[in-house]
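S.K.: Fold the following, please.
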Amino acid sequence: MKLYYSPGACSLSPHIVAREAGVELQLDKVDIKAKRTEHGADFYQVNPKGSVPALELDNGELLTEGPAIVQYLADLNPESGWAPANGTPARYRLQEMLGFINSELHKSYSPLFNPATPKAVRTERENSLRNCYALLEQRLASHPWLVGDRFTAADAYLFAVTNWASHVNLELGDYTALAAFQQRVAARPHVRAALEAEGLVAKVTV
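M.R.: Just a heads-up that it's a prediction; the model follows:
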């Protein structure tokens, strides 16, 4: 299988999950602005959406959207526990958290990366993000991980997205449980391996 990624983008999440679950992946770096792969291919020919992550399966099919990809990868090694078993309450809690991160955090960051975003919109998005992080802070103050008592794909996704805060000057210093969470995730050997592979170790926000 091949994972199309961009260093530090949300594709870091499936990259981490694959390493944690022991799933072998070929990595193909994508220049998101130019829409070209590191081997010079037109990325739109790979993924018409033009976004990462994109996972090319062994049968040639393409799977897109991070929340779907991380669950697929985790399910390839169900004994790893990186996604609870399908049909269980814990699996629905995982999907609930992946959906929350995707819709409320991930997409709220997007306009903050655009220098043309009006100040009023930027302020509204920053306030929205802080409100969402306040909810997660409550959870992480009493639980080491987002779902159950072990690291899951949701934790990888939150880690990857929250690492963007310093890049858009979003101050999260008041969220001490969140900072401790980022430290815990960054210290995991497979997470560090993924960060090193993407050249990101020195850029982790904690």
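S.K.: Surely Gln26 is in contact with Tyr4?
M.R.: No: look at Gln26 against Tyr4 with Cβ atoms under 8 Å: they stay out of range, at 9.8 Å. In this view, the C-beta of every residue, glycine as well, is placed from N, C-alpha and C.
S.K.: for this protein, what spans make up the helices?
M.R.: Here the chain has its helices, by DSSP state H, at 12-21, 43-46, 66-75, 89-100, 107-109, 119-142, 153-162, 176-186, 189-197.
S.K.: Can you list the neighbours in contact with the shortest one?
M.R.: The one in question is helix 107-109. The contact list for helix 107-109 (Cβ atoms under 8 Å, 6 or more residues apart in numbering) reads Arg125, Ser128, Leu129, Cys132, Val161, Trp164, Val168.
S.K.: same question for the biggest strand by length in the chain, mean pLDDT?
M.R.: What stands out as the longest strand in the chain, according to DSSP state E, is strand 26-31. Strand 26-31 carries an average pLDDT of 97.
S.K.: where does the chain have low pLDDT?
M.R.: Low-confidence segments of the chain (pLDDT under 70): 202-206.
S.K.: hmm, back to that, who has more neighbours out of Gln26 and Tyr4?
M.R.: Taking other Cβ atoms under 10 Å, Gln26 and Tyr4 do not tie; Tyr4 has more neighbours (24 against 9).
S.K.: For the closest residue to that one other than its chain neighbours, give me its contacts.
M.R.: Nearest residue to Tyr4, sequence neighbours excluded (Cβ to Cβ, 6 or more residues apart in numbering): Ala54, at 4.3 Å. Going by Cβ under 8 Å, 6+ apart, Ala54 touches Leu3, Tyr4, Val46, Asn47, Leu62, Leu63, Thr64.
S.K.: burial measure for Leu105, as a count.
M.R.: Leu105: 19 neighbours (other Cβ under 10 Å).
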